[in-house]
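In: generate coordinates for the sequence data below:
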Amino acid sequence: MRVLLAAYDSRGGVEPLVGLAVRLGELGARVRVCAPPDEEFAQRLAGVGVTMVPTGQSVRDLVTGKTPPAPGGLPRRAADLVAAFYDNVTAAAGDCDVLVATGLVPAVAGVRAAAEKLGIPYVYASYQPVSLPSPHHPPMPRPGRPLPPDVTDNQVLWDRDARDAQEVFGEAINTHRAQVGLPPVDNVRDHVFTDRPWLAADPVLAPWLRPADLDVVQTGAWVLPDERPLPAELVAFLDAGTAPVYVGFGSIPMPNPQEVARVVVEAIRAHGRRVLLSRGWADLALTDGGDDCFVVGEVNHQALFRHVAAVVHHGGAGTTTTATWAGAPQVVVPQGADQPYFAGRVADLGVGAAHDGPTPTVESLSAALDVALTSETRARATAVAAEFRTDGAMVAARLLLDAVRQGSPSVVA
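Out: Predicted coordinates:
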């Protein structure tokens with residue numbers, strides 16, 4: 001059995017494919033991954049013996065502004081993504097038995113088009129329920145298209161979201177489909193999602209609520225135990241005093257990162273805690289050289305989060321999942337997309353606090369830490385971690401291979 005996995009996403013969106021790829025390999029499948037050409041993705045996949053096909057532009061360079069804006073803006077970038085993923089997937093998947101795609105809509109549309117041309121089954125996967133249409137939640141606002149504040153009917157909002165996706169991406173996707181001999185689609189969102197999307201999220205942290213029109217297959221989060229050791233210098237810092245508070249915003253380009261670093265350090269020190277600051281793609285740095293602070297780059301978060309007093313982060317699916325699995329109390333400072341949803345889930349589960357808004361002040365972050373650093377929150381985080389399903393990637397791998405062998409239309413499109 002041969003499987004191709006594809007994603008155009010940041011580290012939190014590529015990492016789950018690492019877990020799924022490894023579990024598929026354990027079941028005898030041969031796996032390739034189409035992913036952005038960022039070095040950290042290539043190293044991670046190479047480290048577990050998975051072949052990567054670099055596809056599209058560097059996500060990090062786009063997010064951090066190192067890649068100049070393309071002429072034509074979003075429509076041009078969408079067209080480039082559709083073509084890049086169609087071309088690379090078509091070249092890499094000619095002998096594959098199934099394709100799995102996640103990430104940005106134009107990239108997924110390119111994968112779906114390749115699947116149609118090659119006659120290969122296709123699965124779309126999401127890492128959070130709020131990207132999928134449901135009567136139980138509104139859609140996430142698309143860039144430049146905020147949700148109307150006077151509309152509260154979720155079905156009306158989802159209908160609007162489908163129209164927005166068509167207006168933003170439809171021309172680029174349909175122009176490419178015409179070029180490769182495929183018919184146009186009048187609802188690109190539902191076309192790429194299919195009516196049987198998979199949800200690779202933990203059912204306690206991010207449950208799919210029923211009833212709903214979509215026949216969602218929730219597998220559990222695609223996590224893989226990370227055996228990489230922590231750097232010796234970091235271990236020495238952890239051992240030198242009480243558990244620090246970790247702060248990191250992943251791939252989010254935080255505005256005014258120097259001020260953010262100053263605020264978080266001051267708020268954490270006010271609680272008598274040491275600070276562990278992750279540079280991330282915002283390139284956060286310390287404003288002073290106090291020995292109660294330490295800066296880290298790329299490290300094993302699964303191991304690290306088991307040694308911290310709390311995790312302050314942006315609320316991306318990957319970081320929230322890892323912190324929940326580790327049993328670490330959390331403070332979520334959501335910046336957009338699915339992050340307000342995960343902030344709400346952290347608060348609702350009692351495993352931490354949801355910061356009000358994207359810009360922390362010393363006072364607002366201190367108030368959130370007042371909640372996260374209590375013994376009650378620590379106990380609740382430990383209890384929720386015990387309920388976390390660690391077999392999601394294996395569940396998905398078995399389901400995928402069994403469905404392809406049996407030709408099951410109820411699982412793959």
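
In: I'd assumed Val331 was in a strand, is it?
Out: Yes. Counting by DSSP: H, G, I helix; E, B strand; the rest coil, Val331 is located in a strand.

In: give the bridge partners for it, please.
Out: Residues in a beta bridge with Val331, per DSSP bridges, are Val312, Ala353.

In: for the nearest residue to Trp222 once chain neighbours are set aside, which residues are in contact?
Out: Distances taken as Cβ to Cβ, 6 or more residues apart in numbering put Pro16 closest to Trp222, at 3.7 Å, once the chain neighbours are dropped. All C-beta spots, glycine's among them, are computed from the backbone N, C-alpha and C. Pro16 makes contact with Thr102, Tyr127, Ala200, Ala221, Trp222, Val223, Gly318, Ala393 under the criterion Cβ atoms under 8 Å, 6 or more residues apart in numbering.

In: do that again at 10 Å, thanks
Out: Neighbouring residues of Pro16 by Cβ atoms under 10 Å, 6 or more residues apart in numbering: 5, 7, 9, 102, 125, 127, 200-201, 221-224, 317-318, 321, 392-393, 396.

In: and if you look at Gln302?
Out: Shown in contact with Gln302 (Cβ under 10 Å, 6+ apart): Val223, Leu224, Pro225, Asp226, Glu227, Arg228, Thr322, Ala323, Trp325, Ala326.

In: pull the number of nearby residues for the second one.
Out: Look at Leu224: counted by other Cβ atoms under 10 Å, it has 19 neighbours.

In: from memory it sits against Gly25, does it?
Out: No. Between Leu224 and Gly25 there is no contact under Cβ atoms under 10 Å: 11.1 Å.

In: need the residues touching each of these two.
Out: Common contact partners of Leu224 and Gly25 (Cβ under 10 Å, 6+ apart): Val48.

In: can you give me the strands in this structure?
Out: 2-8, 30-35, 51-54, 98-103, 122-126, 198-199, 217-218, 245-247, 275-278, 293-296, 310-313, 330-332, 352-354 (DSSP state E).

In: strand partners of the fourth one, parallel vs antiparallel please.
Out: This points to strand 98-103. Strand 98-103 pairs in its sheet with strand 2-8 (parallel), strand 122-126 (parallel), by DSSP bridges.

In: winner for burial among those?
Out: A comparison of these by mean neighbour count, using mean count of other Cβ atoms under 10 Å, puts strand 2-8 on top with a mean of 26.

In: avg pLDDT for it?
Out: For strand 2-8, mean pLDDT is 97.

In: relative orientation of it and strand 30-35 in degrees?
Out: With axes from the mean of the first three to the mean of the last three Cα atoms, to 10 degrees defining the directions, strand 2-8 sits at 10 degrees from strand 30-35.

In: list the buried residues for stretch 252-263?
Out: By 16 or more other Cβ atoms under 10 Å, the buried positions in stretch 252-263 come out as Ile252, Met254, Pro257, Val260, Ala261, Val263.

In: among those, which lie within helices?
Out: Mapping those onto helices (DSSP state H) picks out Pro257, Val260, Ala261, Val263.

In: how about the residues you listed in TSV, adding distance to Gly289 and pLDDT?
Out: Below are these laid out as TSV (distance: Cβ to Cβ, whole Å; pLDDT from 0 to 100):
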residue	distance to Gly289	pLDDT
Pro257	17	86
Val260	18	92
Ala261	13	93
Val263	18	96
